[in-house]
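> Prediction below, plus the sequence it came from.
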Amino acid sequence: MLKNLPADVRPYRRTPEFTESTIPKGLLKEHTTKPGVWGVIHVTQGLLEYRILATVPERHLLTPDKPGIVEPTVPHEVAPIGPVRFYVEFHAHPDVTQPSAESPA
């Protein structure tokens, strides 16, 4: 089940928009955000599979009407389902120095 963003986090950075041919390879394999960093995967066109690789794995199809929420430090990956356009917006608590968004898996 997809989570909701905590009410007290705020956006601080976003990626460029990616397509099925420009997705960075690191997003296609297991990776995490750093502690305290939440992500919102916004699909602007098409379908994107979002896989949460936690103790109980989850798969979600993201669409322009259904964004994906990335929890801090939870392993995940994405896969395009045909033509797709999307970007990731990173959120953190405003009283915390803004961390870099991702860490290697």
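Good, I have the coordinates. Numbering: from 1, shown residues only.
> All the strands of this protein, residue numbers only.
Under the criterion DSSP state E, strands of the chain are mapped to 10-14, 18-19, 32-33, 38-52, 58-62, 68-70, 76-92, 102-103.
> what's the most buried one of those strands?
The highest mean neighbour count among the strands of the chain, using mean count of other Cβ atoms under 10 Å, belongs to strand 68-70: a mean of 23. The way it works is simple: take the backbone N, C-alpha and C, and place the C-beta from them, glycine included.
> now it: how far from the chain's centre is it?
5 Å (Cα atoms, centre = their mean, to the nearest Å).
> That strand pairs with which strands, and in what direction?
Partners of strand 68-70 in the sheet, by DSSP bridges, are strand 38-52 (antiparallel).
> If I take the partner strand and strand 10-14, what angle do their directions form?
Between strand 38-52 and strand 10-14, the angle comes out at 70 degrees (axes from the mean of the first three to the mean of the last three Cα atoms, to 10 degrees).
> and the angle from strand 38-52 to strand 76-92?
170 degrees.
> mean confidence score for strand 38-52?
If you average the pLDDT over strand 38-52, you get 98.
> Identify the residues contacting residue 62.
41, 43, 47, 48, 49, 50, 68, 86 (Cβ atoms under 8 Å, 6 or more residues apart in numbering).
> From residue 17, how far out is it?
14 Å (Cβ to Cβ, to the nearest Å).
> Same list, the strands of the chain, but as a markdown table with distance to residue 26 please.
As requested, the strands of the chain are exported to a markdown table (distance: least, Cβ to Cβ, whole Å):
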| stretch | distance to residue 26 |
| --- | --- |
| strand 10-14 | 16 |
| strand 18-19 | 11 |
| strand 32-33 | 11 |
| strand 38-52 | 13 |
| strand 58-62 | 18 |
| strand 68-70 | 14 |
| strand 76-92 | 9 |
| strand 102-103 | 7 |
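> do you know which of those strands lies nearest residue 4?
Residue 4 sits nearest to strand 68-70 of all the strands of the chain, at 6.6 Å, using Cβ to Cβ.
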